[in-house]
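In: Next input, structure requested:
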Amino acid sequence: MKADASEQTTERALLKLNLGSGTCRLPGYLSVDNNPNAGSVDVVHDLDRLPWPFEDNSVGEIVMDHVLEHLEDTLGVIQEIHRISADGAKAHIRTPHFSCNWTHPGHKRAIGVGLFDHFNPELEEHYGDCRFEVERVVLHWMRPRYQTTWLRRMVSGLIDTLANLHPRICQRIWCYWVGGFDEIEFHVRVVKR
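Out: Presented below is the predicted three-dimensional model:
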């Protein structure tokens, strides 16, 4: 018996985006950057220009590595990530933690561990009609790519372990005691139910 056309569903492949890729190519990901000279960029687009050139619910994975802090509208960007992502899509976002954010002249925003709290409609202060499930938030005292010696790895590992026992307490009470944290890493899942 042949299934009715309305009962047939076609699975479409969801996109994997490396937003603000610069020269960093990730296998299997479309590179999106505003600089056409930044290596082999697949989609040239200024991420400050919303909406982005992707359809609603068309993305399954997003990587943003030290990009969010350079953009004008953090709230709009997070809402745009939600718009283009399918239900259950994963986003992996790395950005400087606010305790070390202002060391780069191009940074426009400071980010803390509670960023995605502001996109939870169950809380009083929330933005937009979007929701994310936070799977992990990790503080890095020193960005992993800078841990080039055993001493740096050892010291950073110890501080990271203590900080990540409870990132909110670290951020609130003692992050400046160790000179601040280079990086905060978010692993979130888009919720559209």
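In: Which strands and helices lie in contact with the longest helix along the chain?
Out: Longest helix in the chain, counting residues (DSSP state H): helix 150-163. When contacts are defined as 3 or more CB pairs under 8 Å, 6 or more residues apart in numbering; DSSP states H and E, helix 150-163 sits against strand 131-140. The C-beta positions use only the backbone N, C-alpha and C, and glycine is treated the same way.
In: Restrict the strand it packs on to CA atoms and write it as PDB.
Out: Listed next in PDB are the C-alpha coordinates belonging to strand 131-140 (Å, rounded to 0.1, in the frame of the first residue of the first chain):
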ATOM      1  CA  ARG A 131      14.800  28.900  24.500                       C
ATOM      2  CA  PHE A 132      18.000  27.000  25.000                       C
ATOM      3  CA  GLU A 133      19.000  24.100  27.100                       C
ATOM      4  CA  VAL A 134      22.400  24.700  28.600                       C
ATOM      5  CA  GLU A 135      24.300  21.400  28.600                       C
ATOM      6  CA  ARG A 136      27.600  22.800  29.900                       C
ATOM      7  CA  VAL A 137      29.400  26.000  30.700                       C
ATOM      8  CA  VAL A 138      33.100  25.800  31.100                       C
ATOM      9  CA  LEU A 139      35.600  28.500  32.300                       C
ATOM     10  CA  HIS A 140      39.200  28.400  31.000                       C
END
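In: starting at the chain centroid, how far to that strand?
Out: With CA atoms, centre = their mean, to the nearest Å as the basis, strand 131-140 stands 9 Å off its chain's centre.
In: Starting from that strand, tell me which strands it pairs with and how they run.
Out: Using DSSP bridges, strand 131-140 pairs in its sheet with strand 183-191 (antiparallel).
In: Any stretches of the chain with poor pLDDT?
Out: Low-confidence segments of the chain, defined by pLDDT under 70: 1-11.
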